[in-house]
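[1] return a 3D structure for these sequence lines:
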Amino acid sequence: MKKLFVIATTFAALSSVVVADIQAPPGSTYTSSRKLGRALSNIMYGFIEIPEQIVRKQDQYGRKSSPYGAIDGTNRALRRLGYGFYELFTFTCPTYRGTFKPPYERCGEDNRIEMNVHDGLSEFPPELGFETYYNYSRSQAY
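    Residues are numbered from 1 along each chain as shown. Predicted coordinates for the structure are as follows:
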């Protein structure tokens, strides 16, 4: 009985000391399947940058800036097309600093991927109509 008590006490003491790190690493959401999805969406929906930039430039600079928006949108659409094919051919390889993160320019102060109207690209192409503000993860609210 005494031996069983010592074993149980030792097990309880050792199990209370053990702490596991169950936190996911920062790059765990970037996988090869996400890279493939990003590549296909950039190839198929990258042209949406053209009307999106026309509207953004009109809001920012006025109605006469439509040609500027069309040229900037075409530039961004072609960049998305290039990134899309690059990521399509390399989706199995972690190419950006040993991770599957997108190789686009980083925007903002904390290097998050977000829409920068002037020169940065978001991770996925913009959405026309109802925008979800780039929240691509599911969450349950109770």
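[2] the helix or strand bottoming out on mean pLDDT in the chain: what's the following helix or strand?
    None of the helices or strands of the chain scores lower by mean pLDDT, DSSP states H and E than helix 2-17, at a mean of 76. Using DSSP states H and E, the helix or strand that follows helix 2-17 in sequence is helix 32-45.
[3] in that following helix, what's buried?
    34-35, 38-39, 41-43, 45 (16 or more other Cβ atoms under 10 Å). Yep, even glycine has a C-beta here, placed from its N, CA and C like the rest.
[4] what's it in contact with?
    Helix 32-45 is contacted from outside by 80-81, 83-88, 90-92, 94, 100, 102, 123-125, using Cβ atoms under 8 Å, 6 or more residues apart in numbering.
[5] buried ones among the residues you listed?
    80-81, 83-84, 87, 90-91, 94, 100, 102, 123-125.
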